[in-house]
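A.B. asks: Using only what follows, build the 3D model:
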Amino acid sequence: MSKKFKAGTYYIGDPCYVVSNDYWMDFIDAMERKEQIFETYEFFSCGTKYGDGTYTDSNGNEYMVDSGTIGVIPIDLVNRFDKYNSIGGQIKTFNDDFNIYNSGDKLEIDDFYILFKDEYYEDDLDEDYSSSDYYDMYDDDI
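C.D. replies: As a prediction, the model looks like this:
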């Protein structure tokens, strides 16, 4: 899925950190539509491949996700909600129109991307112990 946005300032991160509770259910309805518009503001959102967690972009910024989604939301809309919380997101100004492309494995936004990687799962694959080692820790309880 690819979408073009106009130059401007946007919040990039989990919408739950910037959309107030009074608007949350209506915003979820807007996220589920093909044309993602809330009131008169066009935005972008997509589910992350692994749901909640912390995702890192190609510039090293981290995005905490608690709603299973990452959004690109115009700052004017964020200001309207009066709930901005910078946790796990960033404010970015784009001087030129830009594209957003979601491949499922990563979200490309202009000249950077957010990789949808389950760090916990990947870390487990890298561990030097087997699942039997985990159960050995609890043998006394059996």
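
A.B. asks: Now do the same contact list for the residue positioned nearest the centre of the chain.
C.D. replies: Note on the chain: the residue nearest the mean C-alpha position is I70, at 2.3 Å, using Cα atoms, centre = their mean. Residues in contact with I70 (Cβ atoms under 8 Å, 6 or more residues apart in numbering) are 12-14, 45-46, 48, 55, 63, 107, 114. Glycine gets a C-beta too; all of them are placed from N, C-alpha and C.

A.B. asks: what's the pLDDT at it?
C.D. replies: I70 carries a pLDDT score of 94 in this model.

A.B. asks: now do the one 3 residues further on
C.D. replies: Predicted confidence (pLDDT) for I73: 95.

A.B. asks: where exactly do the helices run in the chain?
C.D. replies: Secondary structure of the chain (DSSP state H): helices at 21-31, 75-81, 119-126, 131-136.

A.B. asks: now the residue nearest to the centre of the chain: how far from D22?
C.D. replies: Per Cβ to Cβ, to the nearest Å, I70 is found 22 Å from D22.

A.B. asks: what about the strands in the protein?
C.D. replies: 2-5, 8-13, 37-38, 41-42, 44-47, 53-57, 62-65, 69-74, 90-94, 98-102, 106-109, 112-115 (DSSP state E).

A.B. asks: Okay, buried residues for the first one please.
C.D. replies: Of the residues in strand 2-5, those buried under the neighbour-count criterion (16 or more other Cβ atoms under 10 Å) are 3, 5.

A.B. asks: Same check on the second one?
C.D. replies: Applying a neighbour-count criterion of 16+ other Cβ under 10 Å, the buried positions in strand 8-13 are 10-13.

A.B. asks: Looking at these, spot the one nearest S103.
C.D. replies: Distance to S103, by Cβ to Cβ, is smallest for I12 among the buried residues of strand 8-13, at 16.8 Å.

A.B. asks: nearest to D26, of the strands of the chain?
C.D. replies: Comparing the strands of the chain by their distance to D26 (Cβ to Cβ), the top pick is strand 37-38, with 7.2 Å.
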